[in-house]
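A.B. asks: model this:
(2 chains)
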Amino acid sequence: MKTLGRILIILLATTIVTGAWVALVNGIGANVSASFDRPGGAEFRPQQQGNQPPAGFPEGGFPQGERPDRERGGGFMGRFALGLVKNVGIVAVLVGLIVIPKSLFSQKRKKNPRVDEASLES
Amino acid sequence: MTTETQTKPRSQTRTKLWIDLAIFAAFLVTMEPHSSGLAIHEWLSLSMIDAIMVHLLLSWDWIAQITRRFFGRVAGISRLNYLLNWLLFFDGILIMLSGILISEVALPTLGIRLPPGFAWRRLHDLSANFFLLLLGVHTALHWAWIVNAFQRYILGSAGRLVSKEQQKDVTA
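C.D. replies: Numbering: from 1, shown residues only, chains lettered A, B, ... in the order given. Below you'll find the model as predicted:
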């Protein structure tokens, strides 16, 4: 019962934040949507008839839900690994930037407690 | 975070560690939609909602505690962590919302078609990149807990498994 109540609180918070985002983007964002759209004025929107996709567009997007392969080297695994390394690298850099100075500072503080007092005074 | 490991039941900490690792791995895969394909990108992202819900439920005591005492006596790092978690929550919802609104596979499969929105597409990319940065800071702030739990439940279990195998070999 307690867990159910917590789930409901999370769902309620999610609904409120979702509503806030929709209101923000549709309200304020609609006025600046031009900056998000493609350069050169009006956004390209193909004519759509009812629920049918526009002429030239395949039903349900790309076949089997996949975009066509781009003409780039490296192959599927190569590109995937490269992207993975890039994202893990960003996280690792941020962790290093925060954790290393923090541990250095705490080591310094253990060795010389006066460092902490001096930093408080300045 | 060390205290969190000590005070919570061991099984709960282990579950949380595995769920967090799964969320992290899934997030890395979903960050590469061009390589993994849109179907994996969308369905995996939608399935992450459940995992994130469990993550929040397992951290509930901490969330409730800091919410109650936010303006009172709380350590600065906990306050920063709390604010960062709210940012992650807001940004995570923007990613999910914009992703659902620009869905090309999952929603059409469920029979729902939405008009194309380039603004939502741009927001989806921006919020995902911002989420990666927030995730980096979130990981850094919980680094001590991650290392502690990893050593205890993954390296420790692996070590026990290896020593058991060695004992078996000796007795055989």
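A.B. asks: And the residue of chain B found nearest chain A, how far from residue A:84?
C.D. replies: Nearest residue of chain B to chain A: residue B:136, at 3.0 Å (CB to the nearest CB). No exception for glycine: its C-beta is placed from N, CA and C like everyone else's. Distance of residue B:136 to residue A:84, given as CB to CB, to the nearest Å: 15 Å.
A.B. asks: which regions of chain A sit below the pLDDT cut-off?
C.D. replies: Where chain A drops to pLDDT under 70, the residues are A:29-74, A:76, A:113-122.
A.B. asks: Please, which helix or strand holds the residue of chain A found nearest chain B?
C.D. replies: Nearest residue of chain A to chain B: residue A:94, at 3.0 Å (CB to the nearest CB). Assigned by DSSP states H and E, residue A:94 belongs to helix A:75-111.
A.B. asks: Buried residues in that helix, which are they?
C.D. replies: Buried residues in helix A:75-111, counting neighbours by 16 or more other CB atoms under 10 Å in any protein chain shown, are found at A:79-80, A:83-84, A:87, A:90-91, A:94-95, A:98-99.
A.B. asks: Relative to residue A:8, which of these is nearest.
C.D. replies: Of all those, the one with the least separation from residue A:8 (CB to CB) is residue A:91, at 32.3 Å.
A.B. asks: which residues touch the closest one?
C.D. replies: B:132, B:135-136, B:139 (CB atoms under 8 Å, 6 or more residues apart in numbering or on different chains).
A.B. asks: show me the contacts for residue 93.
C.D. replies: If you meant another chain, say so; for now it's chain A. residue B:136.
A.B. asks: Not quite, go with chain B.
C.D. replies: Contacts of residue B:93 (CB under 8 Å, 6+ apart): A:14, A:17-18, A:21.
A.B. asks: Any figure for the gap between it and residue A:25?
C.D. replies: Counting by CB to CB, the gap from residue B:93 to residue A:25 is 12 Å.
A.B. asks: still on that earlier bit, Produce a PyMOL select command limited to the buried residues of the contacts of residue B:93.
C.D. replies: A single PyMOL command selects the buried members of those (16+ other CB under 10 Å):
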select buried, chain A and resi 14+17+21
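A.B. asks: Three-state assignment for residue B:114, please.
C.D. replies: Under the three-state scheme (DSSP: H, G, I helix; E, B strand; the rest coil), residue B:114 adopts coil.
A.B. asks: Look up phi and psi at the closest residue to it other than its chain neighbours.
C.D. replies: Excluding the flanking residues, the one nearest residue B:114 by CB to CB, 6 or more residues apart in numbering or on different chains is residue B:101, at 5.8 Å. As for residue B:101, its main-chain torsions (degrees, to the nearest 10) stand at phi -70, psi -20.
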